[in-house]
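Colleague: below is the structure, and that's it, no one-letter string:
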């Protein structure tokens with residue numbers, strides 16, 4: 001179950017991007033988007049006393065090749081930039097599904 005957690009993006013912007021964002025990832029990794037979760041954590045970045053339009057995207061999933069991670073990052077970055085976010089930091093965390101329990 002891929003988990004996508006964002007910080008630094010306005011809730012309304014993420015709502016507008018959510019369908020295309022998950023559709024894009026779904027196509028690349030060939031997993032149904034119904035298995036994904038998408039969250040927005042409220043956060044603001046600052047630089048030199050001003051708000052900085054930075055977005056952080058953490059994608060947690062089972063281990064995948066670096067090439068797949070890079071393809072996803074390159075495919076979703078323009079979605080965030082189209083909303084005016086200058087820098088998009090995307091990082092991937094590998095989940096150990098043997099230690100995940102849904103009760």
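Modeller: Looks like it arrived, so ask away. Worth saying up front: this structure is predicted, and the values here are computed from it rather than measured.

Colleague: from now on I want contacts and neighbour counts done on CA atoms only, so please keep to that.
Modeller: Fine.

Colleague: doesn't residue 40 fall inside a strand?
Modeller: Yes: assignment of residue 40 by DSSP: H, G, I helix; E, B strand; the rest coil places it within a strand.

Colleague: measure the nearest residue to it once chain neighbours are set aside to residue 92 for me?
Modeller: Residue nearest to residue 40 in three dimensions, not counting chain neighbours: residue 6, with 4.8 Å by C-alpha to C-alpha, 6 or more residues apart in numbering. To residue 92, residue 6 is 12 Å away according to C-alpha to C-alpha, to the nearest Å.

Colleague: of those two, which one has the most company?
Modeller: Neighbour count, other C-alpha atoms under 10 Å: between residue 6 and residue 92, residue 6 has more, with 22 against 19.

Colleague: show me what the more buried one is bridged to.
Modeller: residue 40, residue 57 (DSSP bridges).

Colleague: that one touches residue 43, doesn't it?
Modeller: No: assessed by C-alpha atoms under 8 Å, residue 6 is found out of contact with residue 43, at 9.2 Å.

Colleague: shared neighbours of those two, anything?
Modeller: The contact sets of residue 6 and residue 43 do not overlap (C-alpha atoms under 8 Å, 6 or more residues apart in numbering).

Colleague: what about the strands in this structure?
Modeller: For the chain, the strands defined by DSSP state E cover 3-7, 37-41, 45-47, 50-52, 54-61, 87-94.

Colleague: now those in a markdown table, with distance to residue 101 and mean pLDDT?
Modeller: Converted to a markdown table, those look like this (distance: least, C-alpha to C-alpha, whole Å; pLDDT from 0 to 100):
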| stretch | distance to residue 101 | mean pLDDT |
| --- | --- | --- |
| strand 3-7 | 15 | 97 |
| strand 37-41 | 16 | 96 |
| strand 45-47 | 33 | 89 |
| strand 50-52 | 37 | 89 |
| strand 54-61 | 14 | 96 |
| strand 87-94 | 16 | 96 |
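
Colleague: how about the ones you listed in CSV, adding distance to residue 102?
Modeller: Below are the strands of the chain laid out as CSV (distance: least, C-alpha to C-alpha, whole Å):
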stretch, distance to residue 102
strand 3-7, 14
strand 37-41, 14
strand 45-47, 33
strand 50-52, 37
strand 54-61, 15
strand 87-94, 17
